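Asks: Sequence isn't available, so here's the structure alone:
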């Protein structure tokens, strides 16, 4: 798949702490190895869907606490 995809939402399921009101699928913060593995797993998912060459106009990261993944 090449070309432009308008918007992409990446759900980060890890939370620093779970809020009572949250309806997102999330889990408590995993071990550091789990946080390091997540970006590679996302890349594999993107490649498996044939979207590695797609260029979204907007990339949203949300869900739990995306900043746990670092830069």
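Replies: Arrived safely, thanks for sending. Just so it is clear, the model here is predicted, and its values are computed rather than measured.

Asks: mind listing the strands in this protein by residue range?
Replies: Using DSSP state E, the strands of the chain run over 7-12, 14-15, 27-28, 58-63.

Asks: Can you say which of the ones you listed is packed in most?
Replies: strand 14-15 (a mean of 18; mean count of other C-beta atoms under 10 Å). (Glycine included, C-beta is placed from N, CA and C.)

Asks: So for that one, mean pLDDT?
Replies: Strand 14-15 shows a mean pLDDT of 84 in the predicted model.

Asks: Which strands or helices does it pack on?
Replies: Helices and strands touching strand 14-15, by 3 or more C-beta pairs under 8 Å, 6 or more residues apart in numbering; DSSP states H and E, are strand 27-28, helix 32-48.

Asks: between those, which gets the lowest average pLDDT?
Replies: Among those, strand 27-28 scores lowest, at a mean of 76.

Asks: Pull up the pairing partners for that strand, direction included.
Replies: Its sheet considered, strand 27-28 pairs with strand 14-15 (parallel) by DSSP bridges.

Asks: List the residues that contact the nearest residue to residue 14 once chain neighbours are set aside.
Replies: Closest residue to residue 14 apart from its sequence neighbours, by C-beta to C-beta, 6 or more residues apart in numbering: residue 64 at 4.7 Å. By C-beta atoms under 8 Å, 6 or more residues apart in numbering, the residues touching residue 64 are 12-16, 24, 26-27.

Asks: Output the helices and strands packed on strand 14-15 in JSON lines; the columns should cover distance to residue 54.
Replies: Output for the helices and strands packed on strand 14-15, formatted as JSON lines (distance: least, C-beta to C-beta, whole Å):
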{"stretch": "strand 27-28", "distance to residue 54": "28"}
{"stretch": "helix 32-48", "distance to residue 54": "8"}
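
Asks: of the contacts of residue 64, closest to residue 37?
Replies: residue 14 (11.3 Å; C-beta to C-beta).

Asks: if we can go back for a sec, which pair of the contacts of residue 64 spans the longest distance?
Replies: 16 and 24 (13.4 Å).

Asks: quick one: contacts for residue 11?
Replies: 24-25, 62-63.

Asks: for those residues, which one is nearest residue 37?
Replies: residue 63 (16.5 Å).
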